[in-house]
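S.K.: I'd like to go over a predicted model; first the sequence, then the structure.
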Amino acid sequence: MSAGGMQERRLVARNRNFRALLVSSTSGVLGNAVAAVALPIIAAVELQASNFEVAALAGMTFLPWLVLGLLIGVWVDRLPRKPVMMAALAVRVLVLGLLPIGYWLDFLSTPLLFVVAFVAGIASVFFQLADAALVQQAVTPDELMEGNGLITGTGAAADAAGRAMAGWLTTFAGASNTLLVQLTASIVSLLAVQRLDVREVVQPPAKRPILREMADGLRYTFSTAPLRALLLNAALWNLGGNIAASLLVLLVLRTLGESEIWLGLLLAAASVGGAVGGVTANALGERIGTGRLWRWSMVPGVLGYASLLVLSPGWGMLWGLLGMFVMGASVSWNIVVGSSFRQRVCPPGMMGRLGAASRTVSWGMLALASLLAGVLAESIGIREAILVGVVIACSAPLVALLGPLRGVTRLEDLVEAPAPMGQEHTPKSSS
């Protein structure tokens with residue numbers, strides 16, 4: 001057993017709240033992975049939606065970040081996070097349950113699919129912002145890389161299992177029926193959250209207008225060179241990468257004529273890579289420095305997405321499996337380092353707004369990318385649209401390698417010493 005593996009087991013064994021968050025997060029990721037495969041297949045196969053509709057659907061779960069993320073971030077900072085997470089999970093169970101019921105009772109439609117995806121996306125915004133805030137309070141600052149790596153790694157493993165499972169289940173049971181797995185996983189996540197016992201740091205009731213608090217989150221997100229660099233890198237990657245990812249269903253099912261099983265395997269390969277990246281991020285960060293790991297993480301990721309351009313039916317699909325694995329590992333390294341840095345420097349009372357502001361920009365790009373992917377697929381073709389996405393994604397590692405953090409070995413060196421409980425601490429600027 002490696003030292004890193006023993007350390008991860010010790011964290012899980014000694015921290016009950018971290019265990020609950022890990023189970024909740026992993027179960028949620030498993031369910032979301034099943035839904036991520038099932039929803040576009042419902043559109044493409046069961047409802048025979050257009051190329052634009054199939055690609056745009058992928059963005060509906062991220063659109064709430066773009067239009068409501070800042071507002072929800074303020075609410076999350078004002079409310080206890082545990083009840084927020086439980087309510088969000090309950091909403092997801094209710095709205096996603098409409099799809100298999102609609103399939104059974106013959107009222108399933110493309111507009112219903114879009115509405116359900118959007119409402120489920122709103123619930124996810126609440127859940128993920130509250131979850132990130134609780135992770136910060138459930139572990140010590142020195143445990144953030146370890147904890148985030150374990151959450152990312154186990155989540156990616158669950159994502160791989162969910163996507164592979166969904167690829168098989170949609171073939172044999174139907175895509176709508178496959179969503180029953182997602183509903184079960186959400187219930188497990190809900191039960192895990194119920195066991196949390198964290199003394200939460202909640203922002204006192206504010207007398208200032210909510211718009212001013214939203215502006216505070218944006219200002220803090222752009223307040224230092226490290227935070228700005230992390231945000232720009234993520235935004236460019238999400239814009240380019242999700243153009244390619246949104247078209248994967250169409251590429252496999254319509255252009256190559258392969259089955260849903262291959263689609264599930266490709267998505268699972270990315271998740272297996274993510275699992276490997278998640279569990280190795282802490283050790284790699286300690287060995288080569290978190291700054292170096294963050295700067296170089298997206299270079300192999302671009303090559304991974306580029307493998308989609310050379311896919312062909314049959315054995316030619318294996319290039320995609322390798323490429324998706326490499327891409328998944330790269331993204332996990334980037335996420336673990338970036339998330340840990342933000343959680344380390346951000347005061348607890350600002351965490352919801354920081355998460356909302358950064359994801360409004362970076363995850364908002366996921367929604368825009370899906371819409372752009374649909375337009376490109378209709379106008380220039382599916383493979384050509386994927387090429388556009390890969391070219392845009394190339395700008396993400398360039399920002400990291402040539403930007404203000406190009407000479408930083410360890411991002412932790414940019415952080416002030418931890419402040420006493422209840423006092424805010426802010427990151428140093430590298431510029």
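M.R.: Yep, that arrived.
S.K.: got any ranges where the stretch 101-250 of the chain has weak pLDDT?
M.R.: The stretch 101-250 of the chain contains residues with pLDDT under 70 at 136, 198, 200-208.
S.K.: what ranges do the helices span in it?
M.R.: Per DSSP state H, counting those that start in this stretch, the stretch 101-250 of the chain carries helices over the ranges 110-138, 144-172, 175-194, 210-221, 225-246, 248-250.
S.K.: what's the answer for the stretch 301-431 of the chain, then?
M.R.: Using DSSP H, counting those that start in this stretch, helices in the stretch 301-431 of the chain cover 318-345, 351-362, 364-379, 382-393, 395-402.
S.K.: Pull out the buried residues from the first one.
M.R.: The one in question is helix 318-345. For helix 318-345, the buried set under the neighbour-count rule, 16 or more other Cβ atoms under 10 Å, comprises 319-321, 323-345. C-beta coordinates here come from the backbone N, C-alpha and C atoms, glycine included.
S.K.: picking that back up, which stretch in the helices of the stretch 301-431 of the chain has the least confidence?
M.R.: Sorting the helices of the stretch 301-431 of the chain by mean pLDDT places helix 351-362 lowest, at a mean of 78.
S.K.: which residues are in contact with that one?
M.R.: 65-66, 69-77, 125, 128-130, 132-133, 136, 213-214, 216-218, 220-221, 227, 230-231, 234-235, 238, 342-343, 346 (Cβ atoms under 8 Å, 6 or more residues apart in numbering).
S.K.: do that again at 6 Å, thanks
M.R.: 65, 69-70, 73, 76-77, 129, 132-133, 136, 217-218, 220-221, 231, 234-235, 238, 346 (Cβ atoms under 6 Å, 6 or more residues apart in numbering).
S.K.: Please apply the same query to stretch 31-48.
M.R.: With Cβ under 6 Å, 6+ apart as the test, stretch 31-48 has contacts from 49, 53-54, 57, 110, 113, 159, 162-163, 166, 170, 175-176, 178-179, 181-182, 185-186, 249, 253, 260, 264.
S.K.: buried sites along it?
M.R.: For stretch 31-48, by 16+ other Cβ under 10 Å, it's 31-47.
S.K.: Kindly report the same for stretch 59-79.
M.R.: Neighbour count says stretch 59-79 has 59-66, 68-79 buried, by 16+ other Cβ under 10 Å.
S.K.: With stretch 300-318 instead?
M.R.: Judged by neighbour count using 16+ other Cβ under 10 Å, the buried positions of stretch 300-318 are P300, G301, V302, L303, G304, Y305, A306, S307, L308, L309, L311, M317.
S.K.: CA-only coordinates of that stretch in PDB, if you can.
M.R.: C-alpha atoms of stretch 300-318 as PDB (Å, rounded to 0.1, in the frame of the first residue of the first chain):
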ATOM      1  CA  PRO A 300      -2.600  16.000 -22.700                       C
ATOM      2  CA  GLY A 301      -6.200  16.900 -22.300                       C
ATOM      3  CA  VAL A 302      -6.300  18.600 -25.700                       C
ATOM      4  CA  LEU A 303      -4.700  15.600 -27.300                       C
ATOM      5  CA  GLY A 304      -7.300  13.400 -25.700                       C
ATOM      6  CA  TYR A 305     -10.200  15.400 -27.300                       C
ATOM      7  CA  ALA A 306      -8.300  15.400 -30.600                       C
ATOM      8  CA  SER A 307      -8.500  11.600 -30.700                       C
ATOM      9  CA  LEU A 308     -12.200  12.000 -31.500                       C
ATOM     10  CA  LEU A 309     -11.200  13.400 -35.000                       C
ATOM     11  CA  VAL A 310      -9.700  10.000 -36.000                       C
ATOM     12  CA  LEU A 311     -12.500   7.700 -34.800                       C
ATOM     13  CA  SER A 312     -13.800   5.100 -37.200                       C
ATOM     14  CA  PRO A 313     -16.200   2.200 -36.800                       C
ATOM     15  CA  GLY A 314     -15.000  -1.000 -35.200                       C
ATOM     16  CA  TRP A 315     -11.400  -1.200 -33.900                       C
ATOM     17  CA  GLY A 316     -11.000   2.500 -34.800                       C
ATOM     18  CA  MET A 317     -13.000   3.300 -31.700                       C
ATOM     19  CA  LEU A 318     -10.100   2.300 -29.500                       C
END
